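*Asks:* sequence and computational prediction follow.
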Amino acid sequence: MRTAKLFVFCAVAYSLPPGRVAHSANYHNCFHAEVHTVDSGGTSWQGTAEDYWTNCDSLGSCNAILRRARILVDRPGSESTLTLYTDEDTGCVDWSSAFTGSLFSISVETASSNIGGTTDILVHDDPSYFGTSSDTYITTFQNANPQTQNWYVGNNGGTWTTFAALGFSAYRWGDYLPSGIKVYAAMDESDNCSSSAHWSDSFDFLTSGRHYIKVAHADTDCGLNHSKSKFVIAHEAGHAFAALSYGDRPGASNGQEPNVLNDHAVTPNACGFGNSYGIDTKEWNSLGFREGFAHFVAARVWNNKSANGYFGWMGDHYDLDWYEAGTDWGGRLENVCCTSSSSCSSSWTSAGTNEDWLRFFWDLYNSTAFCPNDPAPQPDIMLDLYSQTRLNGGLSSTNYYSRMYAASFDIAPYNCFDNAVDSFAAVNGISN
């Protein structure tokens with residue numbers, strides 16, 4: 001059986017003075033994670049920064065609300081142990097005990113329930129596990145004084161930073177996600193550690209409302225610091241949110257996005273890096289659709305709705321409005337990867353970069369010009385677009401744009417939505 005990791009803290013003891021009689025008391029406790037990121041507070045070439053957790057790269061300066069986190073209060077005597085969930089807006093819980101002068105054991109778990117009314121998050125330590133267990137990391141305050149209102153866990157570590165970032169991601173998206181979904185996040189400390197939502201059986205339970213992700217957690221074996229990278233954490237959550245939204249619909253099936261390949265090697269190509277790929281390499285549109293949408297989910301977690309925004313990725317800084325320092329149509333694909341319209345036809349065909357797809361989804365989400373009498377698309381419409389693209393089927397490694405464009409006619413809440421898809425695809429160079 002897997003066991004939860006336990007962290008124990010001792011608080012200052014509190015007891016009744018001699019001769020004092022115990023009376024019932026009500027307590028109000030609030031819980032926060034001491035988080036430390038490595039990708040907060042950056043700015044794009046336009047000087048744009050993200051809107052949330054901007055100061056969390058500064059050690060010891062960022063305490064994040066633990067939203068709907070599971071709290072266990074072990075009360076003395078015959079009173080039962082309480083299982084509580086913090087308020088998602090404040091991180092607080094209210095409880096009572098007849099023993100006002102007693103000491104308590106208060107535990108906080110990396111488990112949350114019904115964030116945004118929909119989403120459960122569980123952080124555990126086994127990337128090979130695909131069951132339904134709620135094993136978690138636990139911090140326990142022994143001999144705790146319940147009159148202390150604020151409690152802090154995490155000590156600036158990656159585990160609680162990941163949990164808090166996932167909770168905030170669900171908080172930002174929960175209103176638009178299916179009810180009852182569960183995201184299991186494993187801390188990967190192996191010597192070949194990685195962050196992923198696409199490995200082993202991670203996609204095999206979508207129609208049951210479960211998805212699994214893993215986050216590289218730096219230790220003596222793992223040299224990746226993704227458990228402190230808020231954009232990476234929200235990106236992996238983005239894969240899960242999109243896939244679970246699809247999996248909740250009639251006709252959905254378990255499994256990854258079909259026929260996604262990252263082996264694009266058509267020249268000329270100034271955006272290729274051997275056999276590896278990244279946010280700015282030229283790839284087939286199947287990969288751009290999949291990764292670009294997860295990037296978009298992360299972008300919306302950390303940025304408010306606006307034409308401008310910031311995206312941090314692996315130490316680099318990206319603008320959500322325009323590629324690099326350019327404002328010409330065609331995105332990175334047409335302005336960097338291959339720049340001559342007369343000789344780039346083959347190089348551009350069915351290709352794109354993940355950052356171009358990110359900006360396409362962001363532009364579409366913020367669009368107003370094509371539908372002046374209607375509101376810009378809300379997050380539910382964006383999830384509809386992802387899901388309908390998969391539900392329509394017929395997907396190959398090279399046709400994800402055309403299949404997505406066809407899906408835009410099926411889900412459009414107003415008849416100009418497909419025009420916005422077509423135009424912003426051209427702006428960002430993903431419709432070749």
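*Replies:* Good, I have the coordinates. These figures come from a predicted structure and were not determined experimentally.
*Asks:* quick check: what element follows the strand of greatest length in the chain along the chain?
*Replies:* With secondary structure taken from DSSP state E, the chain has its longest strand at strand 104-115. The first helix or strand that comes after strand 104-115 along the chain, using DSSP states H and E, is strand 119-124.
*Asks:* helices along this protein, start to end?
*Replies:* With helices called from DSSP state H, the chain shows them at 158-173, 230-247, 285-302, 331-332, 345-348, 354-365, 379-392, 400-411, 417-427.
*Asks:* can you put the ones you listed in a markdown table and add distance to residue 152, mean neighbour count and mean pLDDT?
*Replies:* Where C-beta positions appear, they are placed from N, C-alpha and C, glycine not excepted. Compiled in a markdown table, the helices of the chain are given as follows (distance: least, Cβ to Cβ, whole Å; neighbours: other Cβ atoms under 10 Å; pLDDT from 0 to 100):
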| stretch | distance to residue 152 | mean neighbour count | mean pLDDT |
| --- | --- | --- | --- |
| helix 158-173 | 10 | 28 | 98 |
| helix 230-247 | 19 | 27 | 98 |
| helix 285-302 | 22 | 26 | 98 |
| helix 331-332 | 42 | 26 | 95 |
| helix 345-348 | 52 | 16 | 96 |
| helix 354-365 | 34 | 26 | 97 |
| helix 379-392 | 31 | 21 | 96 |
| helix 400-411 | 44 | 19 | 95 |
| helix 417-427 | 43 | 19 | 92 |
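*Asks:* could I get the ones you listed in CSV, plus columns for distance to residue 278?
*Replies:* Below are those laid out as CSV (distance: least, Cβ to Cβ, whole Å):
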stretch, distance to residue 278
helix 158-173, 21
helix 230-247, 13
helix 285-302, 10
helix 331-332, 12
helix 345-348, 18
helix 354-365, 8
helix 379-392, 22
helix 400-411, 19
helix 417-427, 21
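*Asks:* out of those helices, nearest to residue 128?
*Replies:* helix 230-247 (16.8 Å; Cβ to Cβ).
*Asks:* okay, now residue 256: neighbour count?
*Replies:* Under the neighbour criterion other Cβ atoms under 10 Å, residue 256 is assigned a count of 16.
*Asks:* report the helix or strand with the lowest average pLDDT across the protein.
*Replies:* For the chain, the helix or strand with the lowest mean confidence is strand 6-10, at a mean of 48 (criterion: mean pLDDT, DSSP states H and E).
*Asks:* centroid residue for this structure?
*Replies:* residue 234 (2.2 Å; Cα atoms, centre = their mean).
*Asks:* look up how far residue 232 lies from the closest residue to that residue other than its chain neighbours.
*Replies:* Taking Cβ to Cβ, 6 or more residues apart in numbering, and ignoring the residues beside it in sequence, residue 234 has residue 298 as its nearest neighbour in space, at 3.7 Å. With distances taken as Cβ to Cβ, to the nearest Å, residue 298 is found 8 Å from residue 232.
*Asks:* one more: residue 262?
*Replies:* Per Cβ to Cβ, residue 262 is found 18 Å from residue 232.
*Asks:* for residue 419, same thing?
*Replies:* Computed with Cβ to Cβ, the distance linking residue 419 and residue 232 is 34 Å.
*Asks:* for residue 392, give me its contacts.
*Replies:* Contacts for residue 392 were tallied using Cβ atoms under 8 Å, 6 or more residues apart in numbering; they are 403, 406, 407, 410.
*Asks:* and the contacts of stretch 38-47?
*Replies:* If you take Cβ under 8 Å, 6+ apart as the criterion, stretch 38-47 is touched by 49-50, 53-58, 62, 225, 228-232, 308, 310-313, 315, 317-322, 324-325.
*Asks:* same question for that stretch, mean pLDDT?
*Replies:* For stretch 38-47, mean pLDDT is 95.
*Asks:* give me the distance between the two termini of that stretch.
*Replies:* Between the opening and closing residues of stretch 38-47 lies a distance of 19 Å (Cα to Cα, to the nearest Å).
*Asks:* can you point out the buried residues in that stretch?
*Replies:* Residues 38, 39, 40, 42, 44 are the ones in stretch 38-47 that count as buried (16 or more other Cβ atoms under 10 Å).
*Asks:* so how far is it from its chain's centroid?
*Replies:* For stretch 38-47, the distance from its own C-alpha centre to the chain's C-alpha centre is 18 Å (Cα atoms, centre = their mean, to the nearest Å).
*Asks:* ok, stretch 312-326 next?
*Replies:* 19 Å.
*Asks:* and if you look at stretch 200-207?
*Replies:* Mean-position distance between stretch 200-207 and its chain equals 17 Å (Cα atoms, centre = their mean).
*Asks:* kindly export it (C-alpha atoms) in CSV.
*Replies:* Coordinates of each C-alpha in stretch 200-207 appear next as CSV, following Å, rounded to 0.1, in the frame of the first residue of the first chain:
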residue,chain,number,x,y,z
SER,A,200,1.1,5.5,-19.9
ASP,A,201,-2.6,5.3,-18.8
SER,A,202,-3.0,9.0,-18.0
PHE,A,203,-5.8,9.4,-20.6
ASP,A,204,-7.6,6.1,-20.1
PHE,A,205,-10.3,7.4,-17.7
LEU,A,206,-11.7,10.5,-19.3
THR,A,207,-15.2,9.2,-19.6
